[in-house]
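In: below is the structure, and that's it, no one-letter string:
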């Protein structure tokens, strides 16, 4: 009986040791201070009609790897990208939407907002909530204006520094009526 108790005690002690080691690793990862933040703002004018009003805002690192989605319209993220292949194709690919489960999608989406000035804040963390390292990142705002018409804004920022960037739009498609859907994009970043 005494031998079984010693074995059980050793197993419990080993398990506790592993847990304390994992806790230390997790605590050190969490204790890395956030070195900056960025705020993406733009004027949004909701459009009438079919196949419009879809957009996403996200961050990538300097190697083009998705870091964090700040916002995406629910229709596209929840499967609309399968119905309309032209609905935010760059974001769908970069964020790996096809591999996300419902709770992951719910965490980064929302209904299409009302017209007005919209703001999305990057808190300097990745999708898992861990602090991103100081350095160069790229901010994206992609929008499906209507059918094959879209716009993409990109800007480089330096996490850990301060500044303001006003990116220019890159339009795809011949439609001009919807080009007023997203405008006056500005990205402010600071420590």
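Out: Perfect, thanks for sending it. Bear in mind the structure is a predicted one, so any value in this text is a computation, not a measurement. Numbering: from 1, shown residues only.
In: all strands of this protein, in order?
Out: Using DSSP state E, the strands found in the chain span residues 37-44, 54-61, 66-73, 109-110, 116-122, 135-146, 149-159, 163-165, 170-172, 182-190.
In: please identify the most buried of the ones you listed.
Out: Sort the strands of the chain by mean neighbour count, taking mean count of other Cβ atoms under 10 Å, and strand 54-61 sits at the top with a mean of 24. For every residue, glycine as well, the C-beta is placed using N, CA and C.
In: tell me the strands beside that one, with direction?
Out: strand 66-73 (antiparallel), strand 135-146 (antiparallel) (DSSP bridges).
In: quick check: angle from the last one to strand 149-159?
Out: What that stands for is strand 135-146. 160 degrees (axes from the mean of the first three to the mean of the last three Cα atoms, to 10 degrees).
In: ok now strand 135-146, how far from the chain's centre?
Out: Centroid separation between strand 135-146 and its chain, computed with Cα atoms, centre = their mean, to the nearest Å, is 10 Å.
In: picking up where we left off before, now the strands of the chain in JSON lines, with distance to residue 92 and mean pLDDT?
Out: Converted to JSON lines, the strands of the chain look like this (distance: least, Cβ to Cβ, whole Å; pLDDT from 0 to 100):
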{"stretch": "strand 37-44", "distance to residue 92": "19", "mean pLDDT": "97"}
{"stretch": "strand 54-61", "distance to residue 92": "8", "mean pLDDT": "97"}
{"stretch": "strand 66-73", "distance to residue 92": "9", "mean pLDDT": "96"}
{"stretch": "strand 109-110", "distance to residue 92": "12", "mean pLDDT": "89"}
{"stretch": "strand 116-122", "distance to residue 92": "18", "mean pLDDT": "97"}
{"stretch": "strand 135-146", "distance to residue 92": "9", "mean pLDDT": "94"}
{"stretch": "strand 149-159", "distance to residue 92": "12", "mean pLDDT": "95"}
{"stretch": "strand 163-165", "distance to residue 92": "25", "mean pLDDT": "96"}
{"stretch": "strand 170-172", "distance to residue 92": "15", "mean pLDDT": "94"}
{"stretch": "strand 182-190", "distance to residue 92": "18", "mean pLDDT": "96"}
